[in-house]
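A.B. asks: Could you work out the structure for the sequence below:
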Amino acid sequence: GAARSVRVFVQPSSFQYPIYFEDLTLDDTWREYRLGFEAKETAWSVQIDFQLAESSTSPVWLDDLALTDDGPSPCGEVDGQLLGNGDFARGQTCWWYGNQYAEQLSRLSIDPAGGPDGASPAAVVEMLGAPGEDWWATVHREGLPLEAFTRYRLSFDAKSTVDQRFFANLNRWDLGMEPWLNAETPVSTSWRRYSFDFVPTAATPEGGAQLELAFGRIAQGSKVWLANVTLERLEFDPCAPDGVNLFQNGDFAHGLACWLFEWGWDQMDLYAALDAVEGGAARVEISDNASDGDYQARIAQYGVPLAAGHGYLLTFRAKGEAERRGYTNLQVPGGELFMNQPVHYAVGWRDYEFPWVQASDAPSEGAKFEIGFGGQAATGSTWFDGLEIRDLGAGACQPAVGELANGGFSQSYLCWQLSRPWDEVRFEAVTDTTTFGDASPSVRLEYEPLSGTSGVLFSQTGLSFKSGKTYAVSFKVKSAAGATPIIAVSARDQPTDGSLMGATAYLVKPVSGDAIVQALIQAGVPPDPGGAPLTRRPAQPGEET
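C.D. replies: Just a heads-up that it's a prediction; the model follows:
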C-alpha cells in the first residue's frame, strides 16, 4: 500500500539487547532485501520482529523469508583497520541503520559501483520523506574495542546530491553515551575525504564503543553516498608537543589532526567545510550562506599552555579567494581573552605575526586558540598554514630606567602595541632583516584605510625616566615609494608628583603607505643648557637624583 516505515529486529527471545536492527521504508513495489548482521555470541533462541509504525494503517506483505549462514564475520580488525567491511564489500553486514522518527521515510542500500573510483561499493542513504527538517538518519557500528589514551583516526569518503550536514559521534554507550568524538561538518556535492582524530579517556567495556555516522536536514529525494570508512590506531601522536611550537600539528603535516572546525550553532543556513589541500594548508570553504551574513567560521585548538609574565609570538600564513576581515585570539574557553587581534586576509599569501605578553596563567587544561573570519555573506575559501606559537621567555617587557623594551625588534614587535579602529583601517606589523642591508631586525607597519579617516598608533607604554637627566630618541625610518607617512615621537605622562614615570614613546602614521622603523632610546645624555627646564622633585630614599 502506501509508503511506510518498518523496523526489523533480530533479538534473543529473552528480549535482551538486540543482535541487530534496521529501519526499512516499504512502498507499493516488491523489493528484495538482503540484511547482513554479525552474531557476537551464541543465541539458542532468537526471534525476528517486523515492527510497524502506528501512524499508518496500510497493510504490509512479506514473502520468501530466509535466514542463512553467511560465513565468518568480516566485522573485526583487518590489516590494522579496526572497522571490518568499512568498504561495504560484504554489503550492509556489520552496519546498523536507523531513523530518528518512526514516521521518517528513508532507505539504506548498497551501490556496487558507487564509490569515488566508480568501481568500488558505497552505501547510499536516500531520503524519501520526513516529518520535518530536524531529523537524522544514522549508519552506525557497535562493539568497537578501543584503548585508553591512544590516538585514533576515523576517515571516510562522502558526497551528497545537495549540501547538507553530517555528524560523527563515537561514544561509550554504557556510560550515558559519553562522547570521545563529537564532530559536525557539512557534506558537499562532490566526493571528499574526511578525517577526525580523537583520544578515548578510558578503555571500552566488554561491549565496545559505538560509532554513529548521521545525516540530516536534507531535502526529500536527495541522497548521500558513504564509502571507505576506516578507523585506525595511530602509531605516533601528531598532537604531542615538540618543545618549540606550542601548537600541535600547526603545519598540518598530519592533516587536520588536533584541530577543530567551529561556527555559530544558530547559523544553520551556513554550509562550510575544512580540509587539507594545496601543499598541506588548511582550507575553510564557505560553499553556501543563506543566512543574514553575520556568521563566524573558525578553526580552533584547545590546550595551549601559557604562563603569566611570558612573551609569546604567534605567526602564520594565510590567503583568501577574496578580501576578508577576520580575527585571532587566545582565551579561557568562554571567558577571559588573553590576546585578541583583527586579521585582514588578502587574495595572495601573506605572513602575519602577533606578539604579546601574557597577563595571567592559562588554566591547567590550557587556553583555546581561534582564528577565523565572519560577518560576510560571500562564499569562497580561506587558507591557513604554518601556525606557530613560540615562548619568548619571561621579563621581556621590563626595561631599565630610560630605555625602551625590545627597541631593536629582536623579538618581533613584542612590548609594542598596534592601536586602530578594527572596522576602519588595516594596520599590521611584520618584522624582517632585509630592509636596511645590515641584517638587523626592523618592523614594517602596513596601514590601509578601509573606511573613514581614522589614524593609527604604534606605541610602547610603561617607560620610566629619572629627574635631572635628558633622553634622546633615535630611529631609522623608510617609507614605501610614493607614500608620505607622518612620523612623530613624543613622551607623555600622567604625573601625580611631578615625575615623568609612565611616559610613552609612539609613532603616528595617519596616511596610507608602509613605514619601516628601527627605534632606540639612549639614556644618560647630558642636559641641554638651551632646552626647556626640567621638572624636578626631591630624591626618594635609595634613589639617585
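
A.B. asks: my read: N228 touches D117, true?
C.D. replies: No: counting by CB atoms under 8 Å, N228 does not reach D117; the two are 9.5 Å apart. (Each C-beta comes from the backbone N, C-alpha and C, glycine too.)

A.B. asks: who's more crowded, these two?
C.D. replies: Per other CB atoms under 10 Å, whichever of N228 and D117 has more neighbours is N228, with 19 against 10.

A.B. asks: For that one, what are phi and psi?
C.D. replies: When read as degrees, to the nearest 10, the backbone of N228 gives phi 50, psi 50.

A.B. asks: Now name the helix or strand holding the closest residue to it other than its chain neighbours.
C.D. replies: Closest residue in space to N228, ignoring its immediate chain neighbours: D157 at 4.9 Å, by CB to CB, 6 or more residues apart in numbering. For D157, the host element (DSSP states H and E) is strand 152-160.

A.B. asks: Strand partners (parallel or antiparallel) of that strand?
C.D. replies: strand 192-198 (antiparallel), strand 223-233 (antiparallel) (DSSP bridges).

A.B. asks: In terms of mean pLDDT, which of the ones you listed ranks lowest?
C.D. replies: Mean pLDDT is lowest for strand 192-198 among these, at a mean of 82.

A.B. asks: Give me the distance between whichever helix or strand comes after that strand and the centre of its chain.
C.D. replies: Once strand 192-198 ends, the next helix or strand along the chain (criterion: DSSP H and E) is strand 209-216. In terms of CA atoms, centre = their mean, to the nearest Å, the centre of strand 209-216 is found 21 Å from the chain centre.

A.B. asks: mind listing what strand 209-216 pairs with, with the direction of each?
C.D. replies: For strand 209-216, pairing defined by DSSP bridges yields strand 136-144 (antiparallel), strand 164-172 (antiparallel).

A.B. asks: So which bits of the last one are buried?
C.D. replies: Meaning strand 164-172. Q164, R165, F166, A168, N169, L170, N171, R172 (16 or more other CB atoms under 10 Å).

A.B. asks: Could you do the first one as well?
C.D. replies: Neighbour counts using 16+ other CB under 10 Å place W136, A137, T138, V139, R141, E142, G143, L144 of strand 136-144 among the buried residues.

A.B. asks: Please name the residues that touch the residue nearest to E446 when sequence neighbours are not counted.
C.D. replies: Once flanking residues are discounted, E446 sits nearest to E428: 4.9 Å by CB to CB, 6+ apart. Contact analysis of E428 by CB atoms under 8 Å, 6 or more residues apart in numbering lists H344, Y352, L418, L445, E446.

A.B. asks: Count the neighbours of S45 for me.
C.D. replies: For S45, using other CB under 10 Å, the count is 7.

A.B. asks: so how far is G280 from it?
C.D. replies: S45 is 56 Å from G280, where distance means CB to CB, to the nearest Å.

A.B. asks: can you check P121 too?
C.D. replies: From P121 to G280 the distance is 30 Å (CB to CB).

A.B. asks: Compare those two and say which is more crowded by neighbours.
C.D. replies: Comparing P121 with G280 by other CB under 10 Å, the one with more neighbours is P121, at 19 against 13.

A.B. asks: looking at it, Y152 is touching T204, isn't it?
C.D. replies: No: contact between Y152 and T204 fails when scored by CB under 8 Å: they sit 11.2 Å apart.

A.B. asks: so what sits against both of these two?
C.D. replies: Counting by CB under 8 Å, 6+ apart, the residues touching both Y152 and T204 are L146.

A.B. asks: Quick check: can you name the pairing partners of the helix or strand hosting I48 and their directions?
C.D. replies: I48 is part of strand 46-52 when elements are defined by DSSP H and E. Using DSSP bridges, strand 46-52 pairs in its sheet with strand 4-12 (antiparallel).

A.B. asks: Beyond the partner strand, next helix or strand please.
C.D. replies: Taking DSSP H and E, what comes next after strand 4-12 is strand 20-26.

A.B. asks: and that following strand with strand 136-144, angle?
C.D. replies: Orientation check (axes from the mean of the first three to the mean of the last three CA atoms, to 10 degrees): strand 20-26 against strand 136-144 gives 160 degrees.

A.B. asks: Quick check, central residue of this structure?
C.D. replies: Central residue of the chain (CA atoms, centre = their mean): I299, 2.1 Å from the mean position.

A.B. asks: Ignoring the adjacent residues along the chain, who's closest to that one?
C.D. replies: W259 (5.3 Å).

A.B. asks: The nearest residue to I389 once chain neighbours are set aside and R390, how far apart?
C.D. replies: Spatial nearest neighbour of I389, excluding adjacent residues (CB to CB, 6+ apart): L246 at 4.1 Å. Distance, L246 to R390, by CB to CB: 7 Å.

A.B. asks: Look at the two and report which has more neighbours.
C.D. replies: For L246 versus R390, neighbours defined as other CB under 10 Å are more numerous around L246 (23 against 17).

A.B. asks: Quick one: residues contacting that one.
C.D. replies: V304, P305, L306, Y312, E388, I389, R390, D391.

A.B. asks: ok, now which ones touch the closest residue to the second one other than its chain neighbours?
C.D. replies: This points to P305. Among residues not flanking P305 along the chain, G366 sits closest, at 5.3 Å (CB to CB, 6+ apart). Going by CB under 8 Å, 6+ apart, G366 touches Y302, G303, V304, P305, L306.

A.B. asks: Please report phi then psi for G366.
C.D. replies: phi 90, psi 170.

A.B. asks: Counting by contacts, list what the host helix or strand of L445 packs against.
C.D. replies: For L445, the host element (DSSP H and E) is strand 442-449. On a contact count with 3 or more CB pairs under 8 Å, 6 or more residues apart in numbering; DSSP states H and E, strand 442-449 meets strand 425-432, strand 513-525.

A.B. asks: Direction included, what does that strand pair up with?
C.D. replies: When DSSP bridges is applied, strand 442-449 pairs with strand 425-432 (antiparallel), strand 513-525 (antiparallel).

A.B. asks: Next secondary structure after it?
C.D. replies: Going down the chain from strand 442-449, the next helix or strand is strand 457-463, by DSSP H and E.

A.B. asks: who does that following strand pair up with?
C.D. replies: In the sheet containing strand 457-463, its partner strands are strand 417-419 (antiparallel), strand 503-508 (antiparallel), by DSSP bridges.

A.B. asks: Show me which positions of it end up buried.
C.D. replies: Buried residues in strand 457-463, counted by 16+ other CB under 10 Å: F458, S459, Q460, L463.

A.B. asks: The longest strand along the chain packs against which elements?
C.D. replies: Of all the segments assigned as strand in the chain under DSSP state E, the longest by residue count is strand 380-394. Contacts defined by 3+ CB pairs under 8 Å, 6+ apart place strand 380-394 against strand 281-289, strand 310-320, strand 367-374.

A.B. asks: For V199, find the nearest of those.
C.D. replies: In terms of CB to CB, the element of those nearest to V199 is strand 367-374, at 17.3 Å.

A.B. asks: Also compute the angle for the closest one relative to strand 310-320, please.
C.D. replies: 30 degrees.

A.B. asks: mean confidence score for strand 367-374?
C.D. replies: 85.

A.B. asks: for that strand, the distance to its chain's centre please.
C.D. replies: Mean-position distance between strand 367-374 and its chain equals 7 Å (CA atoms, centre = their mean).

A.B. asks: picking up where we left off before, can you give me the distance of the residue nearest to P305 to Q248?
C.D. replies: Relative to Q248, G366 is positioned 10 Å away (CB to CB).

A.B. asks: Overlap of the contact sets of these two?
C.D. replies: Contacts common to G366 and Q248, judged by CB under 8 Å, 6+ apart, are G303.

A.B. asks: mean confidence for stretch 404-413?
C.D. replies: Taken as a whole, stretch 404-413 carries a mean pLDDT of 90.

A.B. asks: contacting residues around that stretch?
C.D. replies: Contact with stretch 404-413 is made by 311, 313, 353, 355, 392, 396-399, 414-416, 429, 431, 440-443, 460, 462-463, 505, 518-521, as judged by CB under 8 Å, 6+ apart.
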